[in-house]
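In: For reference, the sequence and a predicted model appear below.
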Amino acid sequence: MKKLSIIAGAVLALTGATAAGAQAFGQGQWVLARSAVGGSHFYPGVVAGMSGNQVTINFDDGTTETRPASQVRPYDWRNGSFVSCVWRPDGKVYGAVIQKISGGGTQLTIRYVDDGIVATVRTGECYSD
């Protein structure tokens with residue numbers, strides 16, 4: 001039984017999970033998290049701290065919230081990722097594909113799906129599902 005416990009502990013350590021099944025997040029780690037005002041969408045931000053099962057996140061739009069760890073996941077946006085972003089001229093949100101990540105990870109060059117327009121936006125103007 002000890003061998004099984006050691007193996008399980010090693011798997012948890014490698015995946016970043018905890019024994020309770022929640023993800024462990026470190027201060028300064030980029031994440032995607034649900035916002036209290038954003039419903040089921042995941043917004044980018046940086047972990048400010050973690051206490052028990054609660055993660056405090058400095059979102060890229062300038063807001064800070066404390067969310068349950070179950071509503072936080074590792075940041076996984078890459079070139080080719082589908083996101084939804086604000087189109088500045090009308091303030092509405094449209095689907096887009098990331099073409100390039102720059103500005104230390106805080107700027108995205110995206111191509112809007114509907115019309116193919118390429119734009120550079122701040123990550124705080126986008127979310128994923």
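Out: Okay, I see it.

In: Quick check: phi and psi on Gln71?
Out: phi -100, psi 20 (degrees, to the nearest 10).

In: Who does the closest residue to it other than its chain neighbours form a beta bridge with?
Out: The shortest distance from Gln71 to any non-neighbouring residue, by Cβ to Cβ, 6 or more residues apart in numbering, is to Arg34 (4.1 Å). Quick note: C-beta positions are derived from backbone N, CA and C, even for glycine. Note on Arg34: beta-bridge partners by DSSP bridges are Phe42.

In: What are the boundaries of the strands in this protein?
Out: Along the chain, counting by DSSP state E, strands occupy 30-34, 42-51, 54-59, 64-68, 72-74, 82-87, 92-102, 107-112, 118-122, 126-127.

In: do you know which of the ones you listed lies nearest Gln23?
Out: strand 72-74 (6.6 Å; Cβ to Cβ).

In: Would you mark the buried spots in that closest one?
Out: In terms of neighbour count (16 or more other Cβ atoms under 10 Å), strand 72-74 has its buried residues at Val72.

In: Does it pack against any helices or strands, and if so which?
Out: strand 30-34 (3 or more Cβ pairs under 8 Å, 6 or more residues apart in numbering; DSSP states H and E).
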